[in-house]
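A.B. asks: Sharing a sequence plus its predicted fold:
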Amino acid sequence: MYSRTMLKVRTLSNNLKMYGSTSSNFVNVSVNDKSGVAIVTMQREPVNSLNLELITQLKTALSDLERNKCRGMILTSASKSVFSAGLDIMEMYKPNQERVRNFWLSLQDLWMTLYGCSYPSVAAINGHSPAGGCLLSMSCEYRIMLPNFTIGLNETKLGIIAPSWFVATMKNTIGFRKAEMALTLGFLFTTEEALKVGLIDEVASSKEDAIAKADKFIGQFAKIPPQPRTISKLMLRSKDIETLRKTKEQDLQAFLQVVNDPKTQKGLELYLESLKQRKA
Ligand SMILES: CC/C=C\C/C=C\C/C=C\CC/C=C/CC(=O)SCCNC(=O)CCNC(=O)[C@H](O)C(C)(C)COP(=O)(O)OP(=O)(O)OC[C@H]1O[C@@H](n2cnc3c(N)ncnc32)[C@H](O)[C@@H]1OP(=O)(O)O
């Protein structure tokens with residue numbers, strides 16, 4: 001049903017209605033011709049860590065879907081074990097100043113686009129989803145996850161602080177008390193724990209099952225007029241989006257200050273080593 005013709009992402013907006021599927025390096029978009037629902041697949045091996053290019057391509061794909069009035073979007077991963085490992089640590093380690101600035105501004109943009117998109121959005125979480133991966137999942141309206149994976153904002157465990165808009169997104173998803181516990185502990189929930197706390201909405205037995213469940217969730221909106229739907233969604237979400245829009249530059253400066261701190265750089269070096277040693 002989801003066709004797989006390959007096209008460059010730049011042509012997506014013009015061709016979305018004519019062709020079933022488009023692909024850039026790190027993002028594949030396939031649209032179900034009958035339902036108009038798009039599957040956006042992150043495909044940056046090995047762990048879909050969010051570097052500048054993946055972030056930019058995701059943002060472009062989501063904006064193009066908006067322009068083409070898509071009926072719903074399912075965000076998932078081409079990996080069998082990782083949805084997204086969060087921000088690409090290499091973007092923050094010994095960074096080029098212009099690139100790291102663009103990296104953060106693009107992440108802000110991606111979040112505002114996904115969190116505020118008018119179409120129904122579902123994360124089909126078919127693998128681990130720490131930190132930035134959890135942010136992407138929580139920014140969707142509905143989450144379906146496969147068993148035996150973990151999800152959460154683990155920043156404090158890494159000795160860093162999740163930005164205020166990550167925190168707001170978690171608070172809006174699971175409520176103040178549970179968000180406070182999760183954020184202060186840097187807790188990574190198992191699939192079962194995530195379901196219990198309301199961080200995810202359903203558990204699926206396979207990726208296919210997750211997509212089928214996502215289609216069913218989105219299908220519920222077929223009979224709901226789109227404009228009242230979108231306005232209702234934005235009444236709940238626009239305050240946090242506007243807060244970031246107004247404080248983008250401040251947020252960027254705070255990020256740059258942390259990244260460029262020699263202590264952070266040392267921490268990143270040790271963290272990168274520890275990730276490599278886990279394999280040995
Ligand atoms: C840590 C950041 C510290 C400081 C940042 C400084 C300032 C920032 C200020 C504010 C920003 C705050 C916001 C942060 C949000 C984030 O998203 S930070 C990123 C946090 N992500 C993680 O902690 C996940 C780390 N990865 C894992 O836990 C595992 O890789 C995972 C469970 C996802 C998958 O496990 P597995 O399938 O076994 O794969 P490997 O661990 O073997 O990994 C494969 C290779 O991929 C490399 N890799 C993994 N994660 C990342 C990553 N996030 N960025 C870059 N590279 C990553 C890993 O090293 C392996 O590489 P190799 O094959 O050895 O070369």
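C.D. replies: Good, I have the coordinates. Numbers count the residues shown, from 1 in each chain.
A.B. asks: distance between stretch 229-249 and the chain's centre?
C.D. replies: Taking C-alpha atoms, centre = their mean, to the nearest Å, the mean C-alpha location of stretch 229-249 is offset from the chain mean by 17 Å.
A.B. asks: now swap in stretch 226-239 and tell me
C.D. replies: 19 Å.
A.B. asks: For the ligand, what's the nearest residue on the stretch 1-150 of the chain?
C.D. replies: Here the stretch 1-150 of the chain gets closest to the ligand at one residue, G86, 2.6 Å apart by C-beta to the nearest ligand atom. Placement of C-beta: from N, CA and C, glycine included.
A.B. asks: tell me the contacts of that residue?
C.D. replies: 49-50, 130-135 (C-beta atoms under 8 Å, 6 or more residues apart in numbering).
A.B. asks: could you redo the last one with a cut-off of 7 Å?
C.D. replies: When contacts are counted by C-beta atoms under 7 Å, 6 or more residues apart in numbering, G86 is found next to 49-50, 130-133.
A.B. asks: Tell me which of those fall in helices.
C.D. replies: 132-133 (DSSP state H).
A.B. asks: For this structure, name the helix or strand with the lowest mean pLDDT.
C.D. replies: Of all the helices and strands that make up the chain, the one with the lowest confidence by mean pLDDT, DSSP states H and E is helix 12-15; it has a mean of 42.
A.B. asks: what lines up beside the next helix or strand after it in the sheet?
C.D. replies: Toward the C-terminal end, the helix or strand that comes next after helix 12-15 (DSSP states H and E) is strand 21-23. Each strand that pairs with strand 21-23, with its direction, by DSSP bridges: strand 27-31 (antiparallel).
A.B. asks: Can you tell me which residue of the stretch 151-280 of the chain sits closest to the ligand?
C.D. replies: Nearest to the ligand, among the residues of the stretch 151-280 of the chain, is L275, at 3.7 Å (C-beta to the nearest ligand atom).
A.B. asks: Just say helix, strand or coil for that residue.
C.D. replies: Per DSSP: H, G, I helix; E, B strand; the rest coil, the secondary structure class of L275 is helix.
A.B. asks: Burial check on the residue nearest to E269 when sequence neighbours are not counted, number of neighbours?
C.D. replies: In this structure, E269 finds its nearest non-sequential neighbour in Y93, 6.9 Å apart by C-beta to C-beta, 6 or more residues apart in numbering. Y93: 16 surrounding residues under other C-beta atoms under 10 Å.
A.B. asks: so which strand or helix has the closest residue to Y142 other than its chain neighbours?
C.D. replies: Beyond its immediate neighbours in the sequence, the residue positioned closest to Y142 (C-beta to C-beta, 6+ apart) is V122, lying 4.5 Å away. When elements are defined using DSSP H and E, V122 is found to belong to strand 121-125.
A.B. asks: and the helix or strand M73 falls within, how far from the chain's centre?
C.D. replies: Under the criterion DSSP H and E, the helix or strand holding M73 is strand 72-77. What separates the centre of strand 72-77 from the centre of its chain is 10 Å, taken as C-alpha atoms, centre = their mean.
A.B. asks: Done for today, thanks.
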